[in-house]
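Visitor: the amino acid sequence is not available; the structure is as follows:
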């Protein structure tokens, strides 16, 4: 025998109070009467009721104590050990993925799922223990096995639908693991918006029941949002937006694109059933150094699911490259670098240059002033050499060379047209030996003679242009700023790294001292674990779509999290067929009908109380 409510034993302290109340002397109210002839017996009984005198009727006290003991036993909820060990076990899985936010006639699918789950939880008792799992980005244990309906209901009330897309098979696998050590009857009940066909779990054969909620709904969703800088205009970008109609009816509406809270563009949409469309929004301005770079797209359509009507993307500001120009004076180059907003340059005379200065800059440009101690095998920083380069052979040079061979696919020649460019003279260059350090190529040639050599050695990039730009008409052409900008960005590291696209429910690893801020502002750090349901000790798991700020010792960067799941946005599958009633698990049958012992104790107490009431009115007890 096992007592589930051991705290009820403390009420045994009330037993002496019952005895004390029974022994209390009755206080008679004096009244004047005409004769005592008929009151002799009453006076005799009154003398026998002296305080603590021997009891005249012991049956009444015993009945009261027995009723109290039965009520106390029922309150302690005793149960047979075999029922606790071998009773039925049910794992209830409640789907909390993004599509459970879909609106129905009487609320959301999540509301219907809670109502269905509550019907199962009412069956919890000592013979039927239940565990509650939720499924969003992954399965989570909301309540371990218990027969306490109140605890299960409290856990169910805390279940909310997230914006994540998870795998139902993982939740069923976790349920099987929880049931592996349980005896007696077992079953898994899945409350979701789509009916399943499996009658047993695939791994262990545990009975598997699906309880579908919701109906088929129309929905239009944003399935992709991305941005990239324009190649021919580094200060602007273009946005790619993908929209799909997951309904069986045509859909109309409009899509709005905002940048840092400012409306940029609005386009109308007309989608046929099942149609997927891509829209391009060009000429989106790149953010400045102080802008956040939030790019938001919103659908203005009347559909059932709102979470996929808004998408988020990051358009980070291009990093400003620090450039050191070592020159005795170059009007065209100085004006070009000064007008380029992506470059912060400093000018220094050749005789003032020191090697230790180069480490402080992203790129160093030597304009006809190559230091005597420059070592091509171990450059201090990325270097661009103009007019005088470390690749010279010492030959007589080239007079009016023609630009014949161009590697247009190389990044330094992106969108650069050098057609009919006139060069007065050029130095004779040669590619370093193939077996030497570094890897080298010549994107610009005059027949077999290299005019531009680029490569990488020791982790640093180096470029050498074999002619003085002042001895050509290149500064007068559009190709000049494009060529210099491409060279600077390539030498510094190919420009802007693409921002990371984070999926809702994806674990984001946090390094030492890193933290993540959400909207509204809540902070999650590696050392602090404020919400175990959302973040493990060294990971942050976003469960809502939106923007997140990741901060560390070297600064912070914004992240955009989206659902972007066709499986979550597609609400066309009919989930309303054959909504099942709660399945009652089988339990071992105990004696006298299989009821728990506390029911018998409570029934016996009620029966004795009825007998005692009858005896009292028959003057057999007091």
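Guide: Received the coordinates, thanks. Only a predicted model underlies this, so the values are computations on that prediction, with no experimental measurement involved.

Visitor: helix, strand, or coil at residue 489?
Guide: When the structure is reduced to helix, strand and coil (DSSP: H, G, I helix; E, B strand; the rest coil), residue 489 reads as helix.

Visitor: model confidence over stretch 565-585, on average?
Guide: Taken as a whole, stretch 565-585 carries a mean pLDDT of 63.

Visitor: may I see the buried residues of the longest helix belonging to the chain?
Guide: Within the chain, and with DSSP state H defining each element, the longest helix by residue count is helix 597-617. Using 16 or more other C-beta atoms under 10 Å as the test for burial, helix 597-617 gives 597-598, 600-601, 604-605, 608-609, 612, 615. C-beta here means a position set from N, CA and C on the backbone, and glycine is covered the same way.

Visitor: name the helices or strands packed onto that helix?
Guide: Under the contact definition 3 or more C-beta pairs under 8 Å, 6 or more residues apart in numbering; DSSP states H and E, helix 597-617 sits against helix 58-75, strand 78-79.

Visitor: what about the helices in the stretch 451-600 of the chain?
Guide: Per DSSP state H, counting those that start in this stretch, the stretch 451-600 of the chain carries helices over the ranges 479-492, 566-569, 597-617.

Visitor: no no, the stretch 151-300 of the chain
Guide: Defined through DSSP H, counting those that start in this stretch, the helices belonging to the stretch 151-300 of the chain, from first to last, are 168-179.

Visitor: quick one on the thing from earlier: just put the buried residues of helix 597-617 in CSV and tack on pLDDT and distance to residue 190.
Guide: As requested, the buried residues of helix 597-617 are exported to CSV (pLDDT from 0 to 100; distance: C-beta to C-beta, whole Å):
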residue, pLDDT, distance to residue 190
597, 73, 33
598, 68, 32
600, 77, 36
601, 79, 37
604, 85, 41
605, 82, 41
608, 83, 47
609, 81, 46
612, 77, 51
615, 73, 56
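
Visitor: domain assignment for the protein?
Guide: 2-28+35-78+613-617, 82-216+577-589, 321-492, 501-562 (automatic domain parsing).

Visitor: do you know how far the residue nearest to the spatial centre of the chain is from residue 350?
Guide: The C-alpha lying nearest the average C-alpha coordinate of the chain belongs to residue 542 (C-alpha atoms, centre = their mean; 2.2 Å). Taken as C-beta to C-beta, to the nearest Å, the spacing of residue 542 relative to residue 350 amounts to 53 Å.

Visitor: hang on, the earlier thing: for the buried residues of helix 597-617, which one is nearest residue 260?
Guide: Nearest to residue 260, judged by C-beta to C-beta, of the buried residues of helix 597-617 is residue 598 at 64.4 Å.

Visitor: ok, back up a step: nearest to residue 268, of the domains of the chain?
Guide: Among those, domain 501-562 comes nearest to residue 268, with 23.1 Å by C-beta to C-beta.

Visitor: show me the shaky parts of the stretch 151-300 of the chain.
Guide: 196-199, 230-236, 283-291 (pLDDT under 70).

Visitor: and the nearest residue to residue 567 once chain neighbours are set aside, how many neighbours?
Guide: Spatial nearest neighbour of residue 567, excluding adjacent residues (C-beta to C-beta, 6 or more residues apart in numbering): residue 165 at 6.3 Å. One way to gauge burial is a neighbour count; for residue 165, by other C-beta atoms under 10 Å, it gives 20.

Visitor: phi and psi next, for residue 165.
Guide: Its backbone dihedrals place residue 165 at phi -120, psi 120, with angles given as degrees, to the nearest 10.

Visitor: for residue 143, see how far away it is.
Guide: Using C-beta to C-beta, one obtains 24 Å as the distance from residue 165 to residue 143.

Visitor: and if you look at residue 321?
Guide: 56 Å.

Visitor: re earlier: now, of the helices and strands packed on helix 597-617, which is deepest in the fold?
Guide: Among the helices and strands packed on helix 597-617, strand 78-79 has the highest mean neighbour count (mean count of other C-beta atoms under 10 Å), at a mean of 20.

Visitor: what mean pLDDT does that one get?
Guide: If you average the pLDDT over strand 78-79, you get 68.
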